[in-house]
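Undergrad: model the structure of this input:
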Amino acid sequence: MSFYGLEPVADVSVGDWIAARISDFGSRVCDVVPTGFDAYARVLHPAQDEQGHPVTWTEACQRTGQTPHATMLWSSIAPTINEMRTTGRWPFRQTARSSTATWHGREPAEGNVPTSTLVALLDALDRFTPAGSDCYHAVWEGWSWLNAGPMRLQRRTLLGGLAAPAVAPSGALPQDLLAGPLFRLPGRDYLLFRGPLRAALSIGVQEPDGHEERQSPNLLWPADRTWCLGSEIDCDSTVIGGSNQLIEALLQAPGLEAWPVAATDDLTPNRGW
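TA: Got it, this is the predicted structure:
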């Protein structure tokens with residue numbers, strides 16, 4: 001398990017400004033990132049086709065006959081068809097339930113930005129983040145991989161470099177870190193770290209076969225609070241609040257499928273098209 005380039009934040013009050021501006025626990029934009037920004041964007045996590053190739057939601061709409069728009073839901077683009085069939089006569093009557101997926105590839109990831117999309121996001125956000133400044137990276141404390149697997153936490157030295165990674169002998173996060181203060185928002189608690197913007201690419205868990213599964217921060221913001229990114233664990237898209245210029249840059253960024261949204265837009269899964 002790795003958090004290279006990041007160090008734990010003991011004073012989680014640095015996130016109090018977010019708690020004060022989050023509307024509620026839910027899947028509206030204003031429930032995921034703070035209100036008060038000039039503009040907001042929604043970045044859609046790509047799906048995959050049967051061959052494992054990335055597919056945008058707009059491309060999926062073309063295949064399924066839907067019309068793309070800013071608040072579209074994957075469950076409406078490619079719904080799962082649930083059927084219930086009753087057979088036999090009383091007292092031998094039986095009910096069978098079945099589900100058929102209309103999308104035969106992989107659905108968009110929930111609560112985790114795929115690496116290629118995250119790289120494109122960070123490239124765009126880097127232009128609006130002061131050079132050399134740190135960002136705050138919040139990771140939901142409920143991910144199962146946080147409690148298992150070899151963990152390496154690489155801390156910053158006083159001179160700004162990176163110290164050698166420390167290995168937790170327990171094979172999980174150090175108990176003092178797990179027992180430490182959590183950054184709390186309505187309905188969610190987070191481990192909070194501080195480090196460079198692109199350290200967002202270093203969070204993950206190493207599988208026994210050597211393959212590393214990456215996890216993007218569920219919340220990410222710079223020290224100057226000029227933008228905030230949120231990936232709610234149950235949502236297959238990421239929302240960002242910031243200046244008009246930043247949001248326009250995201251909408252135009254190569255490698256991103258982004259739409260402008262309002263703070264009050266509802267992205268709750270399965271609410272219908």
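
Undergrad: centroid-nearest residue for this structure?
TA: residue 231 (3.1 Å; CA atoms, centre = their mean).

Undergrad: pLDDT score assigned to it?
TA: pLDDT, residue 231: 97.

Undergrad: what residue, apart from its backbone neighbours, is nearest it spatially?
TA: residue 238 (4.5 Å; CB to CB, 6 or more residues apart in numbering). Using the backbone N, CA and C atoms, a C-beta is placed for each residue, glycine as well.

Undergrad: skipping adjacent residues, who's closest to residue 133 in space?
TA: residue 223 (5.3 Å).

Undergrad: where does the prediction get shaky in this protein?
TA: Along the chain, the parts satisfying pLDDT under 70 run over 1-2, 81-85, 88-92, 95-101, 147-179, 206-211, 270-273.

Undergrad: mind doing that once more with 80?
TA: Across the chain, residues meeting the criterion (pLDDT under 80) sit at 1-2, 80-102, 147-180, 205-212, 269-273.

Undergrad: so where do the helices sit in it?
TA: Ranges of helices within the chain are 16-21, 29-32, 57-64, 74-77, 115-126, 175-178, 244-252, based on DSSP state H.

Undergrad: run the chain-centre distance for the fourth one.
TA: In terms of CA atoms, centre = their mean, to the nearest Å, the centre of helix 74-77 is set 18 Å apart from its chain centre.

Undergrad: now do the longest one
TA: Once both centres are worked out by CA atoms, centre = their mean, helix 115-126 turns out to sit 13 Å from its chain's centre.

Undergrad: tell me the buried residues in that helix?
TA: 117, 118, 120, 121, 122, 124, 125 (16 or more other CB atoms under 10 Å).

Undergrad: and what of the first one?
TA: By neighbour count, and taking 16+ other CB under 10 Å as the criterion, the buried residues in helix 16-21 are 18, 21.

Undergrad: I'd like to know which elements that helix is packed against.
TA: When contacts are defined as 3 or more CB pairs under 8 Å, 6 or more residues apart in numbering; DSSP states H and E, helix 16-21 packs onto strand 183-185.

Undergrad: by contact count, what packs against the strand it packs on?
TA: So strand 183-185, by 3+ CB pairs under 8 Å, 6+ apart, packs with helix 16-21, strand 188-195.

Undergrad: list the strands paired with the longest one, with their directions.
TA: What that stands for is strand 188-195. strand 7-8 (antiparallel), strand 135-140 (antiparallel), strand 183-185 (antiparallel) (DSSP bridges).

Undergrad: of these, flag the one that's most buried.
TA: When these are scored by mean count of other CB atoms under 10 Å, the highest mean neighbour count falls to strand 135-140 (a mean of 24).

Undergrad: how many neighbouring residues does residue 262 have?
TA: Per other CB atoms under 10 Å, the neighbour tally for residue 262 reads 13.

Undergrad: please enumerate the strands of the stretch 151-273 of the chain.
TA: In the stretch 151-273 of the chain, strands defined by DSSP state E, counting those that start in this stretch lie at 152-153, 166-167, 183-185, 188-195, 203-206, 212-214, 219-222, 228-230, 237-242, 258-261, listed in chain order.

Undergrad: chain center to the fifth one: distance?
TA: Taking the mean C-alpha point of strand 203-206 and that of its whole chain, the gap between them comes to 15 Å (CA atoms, centre = their mean).

Undergrad: likewise the fourth one?
TA: Relative to the mean C-alpha coordinate of its chain, strand 188-195 is positioned 13 Å out (CA atoms, centre = their mean).

Undergrad: and it, what's buried?
TA: Quick answer for strand 188-195 (16+ other CB under 10 Å): 188, 190, 191, 192, 193, 194, 195.
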